[in-house]
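Visitor: From the sequence below, what's the structure:
(4 chains)
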There are 2 protein chains.
Amino acid sequence: MPETEVRAEVGSLQEVLAALSDPVRLEMVRRMHAAGAPAACAVLYDDVSKSTASHHFKILREAGVTQRSVIGGQTHQELRLEDVEAVYPGVLSSILAAPR
Amino acid sequence: MPETEVRAEVGSLQEVLAALSDPVRLEMVRRMHAAGAPAACAVLYDDVSKSTASHHFKILREAGVTQRSVIGGQTHQELRLEDVEAVYPGVLSSILAAPR
DNA sequence: GACCAAGTTCGATGATCATCAAACCGATGT
DNA sequence: ACATCGGTTTGATGATCATCGAACTTGGTC
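Guide: Numbering: from 1, shown residues only, chains lettered A, B, ... in the order given. Okay, here's the model as predicted:
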């Protein structure tokens, strides 16, 4: 059964923007959005090590942009688009809609 | 007579987000937006030195978020809201609309 | 139980960046 | 001409941060 973690608050606008200002993290967020469902960590990045990826996941989670859920023992990352939109309407959705 | 500088391209989304992810710069942008017109540099910040402020202005300009214009010999900074919106619709406006 | 795959944490390294003071520059006013 | 005010540039310093490898953990598999 999918086991989602305790709901955290969305961070400050500053935190959210800082989280999205790194190219590796923005790409991760784009892939999560494209997936539209909890995605296994490994499919969310290329070109960086596991430890670096884990570090970026943590920053995204702490900003409240994503959350972790465990599905069948595997860790997945999921975009919290609705939650972020509720606090900062339009911010994340417009970033996701922006041209590459 | 107001003398605006050559129009620069708006930078990458990454550059724009990075420019806005610094608290000092976001505050500058908010004040420019509140002013709604070219604003003298000095009214756009507190708590940092002139040189630091000048550094932040440069980063905002290079990201294409602001431009410089000279009015009666005085340097002014002006938000390029329409230009940024044209390239990344909703991004800057939603950030400006976000709660403090 | 031994093994393996997937993630996380730790510690260290290098790069980037925010910050300041001081020197510099351009325009205005005396 | 000189002083002054507003802003920029330079150079340096300290902090933050992205990155990695290695060690550790947890869950599934044989």
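Visitor: host element of A:Glu85?
Guide: helix A:81-87 (DSSP states H and E).
Visitor: Give the other helices and strands that that helix contacts.
Guide: Contact analysis of helix A:81-87 by 3 or more Cβ pairs under 8 Å, 6 or more residues apart in numbering or on different chains; DSSP states H and E lists helix A:91-97 as its packing neighbours. For glycine as for every other residue, the C-beta is placed from the backbone atoms N, C-alpha and C.
Visitor: Determine how far the helix it packs on lies from the middle of the whole chain.
Guide: Between the centre of helix A:91-97 and the centre of its chain there are 13 Å (Cα atoms, centre = their mean, to the nearest Å).
Visitor: Contacts (any at all) between chain B and it?
Guide: Yes - contact of helix A:91-97 with chain B (Cβ under 8 Å from any Cβ of the partner chain) involves A:Val91, A:Ser93, A:Ser94, A:Ile95, A:Ala97.
Visitor: Stretch A:20-34 too?
Guide: Yes - Stretch A:20-34 is in contact with chain B by Cβ under 8 Å from any Cβ, via A:Leu20, A:Ser21, A:Pro23, A:Leu26.
Visitor: tell me which residues form a beta bridge with the residue nearest to the spatial centre of chain A?
Guide: Centrality entry for chain A: nearest residue to the mean C-alpha point is A:Thr66, 3.5 Å, by Cα atoms, centre = their mean. On the basis of DSSP bridges, A:Thr66 is bridged to A:Leu79.
Visitor: what's the pLDDT at it?
Guide: In this model, A:Thr66 is scored at 98, pLDDT.
Visitor: Correct me if wrong: it contacts A:Val29.
Guide: Yes - with contact defined as Cβ atoms under 8 Å, A:Thr66 counts as touching A:Val29 (7.3 Å).
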